[in-house]
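J.: Prediction below, plus the sequence it came from.
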Amino acid sequence: MNNICILDFETTGLNPEIDEIIEYALKVYNQDILIESLVKPNLIDVSERITEITGIKPDDVEQKGITQLDACNNINEFIENNNIKYILAHNGDRFDYLFLKNLYARNYKILPNIKYIDTINIFKNILTVQSYSQKNLCKYYNVTQENAHRAIGDVIDLENICKLAMLNINHIDNEHHDVRNLNDLHNILNAILIFKDSTELQYNILNLSSKDRRLIHMYIEQFNKKYNLNYKHITSVDKTILKIIK
């Protein structure tokens, strides 16, 4: 499992289309090889709320942070130099991987050919608990969070609970996806709204999880009611394409 790394971002907010990373950490799984850094946001200030959650202050990123471009280059070099093929992140589908994808796009970089795994999905398959938050999983496995809501602290905590859960390559093979095909559900819903006023008769969405497909089905049902439409939403036999048809 030497070609696996764990990733965590701290950011100016929760919207990957607007917000920016302010700290990153990556660590090769089960090895003492890691990088971390504060990062200066280009447009969004570090708010009091973010400081309250992370402890990161505006002066910290201004004085110690590197540029967004340097962060992107450093992450890319780390992936290439360590022959990384898989990246783990907790709640990555909704957060870290979207920020990673946009970090590359904003800096005109091409994402490397890597697979991503949201470890929430792995833990949902191996145990039943009320909450799959990293905080709750740390409690479940008796992992003490010494530096929660800082990038390197969250990376180490995730590594520890993955070890205790005896994570193996089979878990990864069952859950991995191509990071370049990652979808942002918020943008998909906005695209469906734009689709309404376009001349196109069909809108295809690729590589959705079963949960995302269900959410979009519900959205289309409400969308039809609101706009008095009758759009069909059909999933292909192999479940790789969701077709929305006027």
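T.: Good, I have the coordinates.

J.: For stretch 61-81, buried residues please.
T.: Under the neighbour-count criterion of 16 or more other Cβ atoms under 10 Å, stretch 61-81 has 61, 65-66, 68, 71-72, 74-76, 78-79 buried. In short, each C-beta sits where N, CA and C put it, glycine included.

J.: cool, stretch 126-143 as well?
T.: 132, 134, 137-138, 140, 143.

J.: which of these has the weakest pLDDT?
T.: Lowest pLDDT among the buried residues of stretch 126-143: residue 132, with 92.

J.: if I read this right, that residue contacts residue 118, doesn't it?
T.: No - the pair residue 132 / residue 118 is not scored as a contact, 10.1 Å apart, by Cβ atoms under 8 Å.

J.: ok, now how distant is the residue of the chain most remote from its centre from residue 234?
T.: The outermost residue of the chain relative to its centre, with distances by Cα atoms, centre = their mean, is residue 228 at 34.6 Å. Residue 228 sits 21 Å away from residue 234, going by Cβ to Cβ, to the nearest Å.

J.: Then residue 3?
T.: 37 Å.

J.: Name the residue in those two with the higher neighbour count.
T.: residue 3 (14 against 11; other Cβ atoms under 10 Å).

J.: so what's the more buried one up against?
T.: Taking Cβ atoms under 8 Å, 6 or more residues apart in numbering, we find residue 3 in contact with 82-86.

J.: Report pLDDT for it.
T.: 91.

J.: Nearest spatial neighbour of it, chain-adjacent residues omitted?
T.: The spatial neighbour of residue 3 that comes closest, neighbours along the chain excluded (Cβ to Cβ, 6 or more residues apart in numbering), is residue 85 at 4.3 Å.

J.: shouldn't that neighbour be in contact with residue 117?
T.: No - shown here, residue 85 and residue 117 do not form a contact pair, counting by Cβ under 8 Å, at 10.9 Å.

J.: and the two? which has more neighbours close in?
T.: When residue 85 and residue 117 are compared for neighbours, residue 117 comes out ahead with 26 against 16, by other Cβ under 10 Å.

J.: Pairing partners for whichever strand or helix holds that one, with directions?
T.: Using DSSP states H and E, residue 117 falls within strand 115-118. Applying DSSP bridges, strand 115-118 is found paired with strand 86-89 (parallel), strand 177-178 (antiparallel).

J.: Does the host helix or strand of residue 75 pack against any helices or strands, and if so which?
T.: Residue 75 belongs to helix 68-81 when assigned by DSSP H and E. Counting contacts by 3 or more Cβ pairs under 8 Å, 6 or more residues apart in numbering; DSSP states H and E, helix 68-81 packs against strand 21-28, strand 34-38, helix 96-106.

J.: who's in contact with that helix?
T.: With Cβ under 8 Å, 6+ apart as the criterion, helix 68-81 contacts 5, 20-21, 24, 26, 35, 37, 39-42, 66, 84, 87, 100, 103-104, 106-107, 109, 112, 114.

J.: of those, buried ones?
T.: Burial by neighbour count, judged by 16+ other Cβ under 10 Å, picks out 5, 20-21, 24, 26, 35, 37, 39-41, 66, 84, 87, 100, 103-104, 114 from those.

J.: Now the terminal residues of stretch 88-101, how far apart.
T.: In stretch 88-101, first residue to last residue: 14 Å (Cα to Cα, to the nearest Å).
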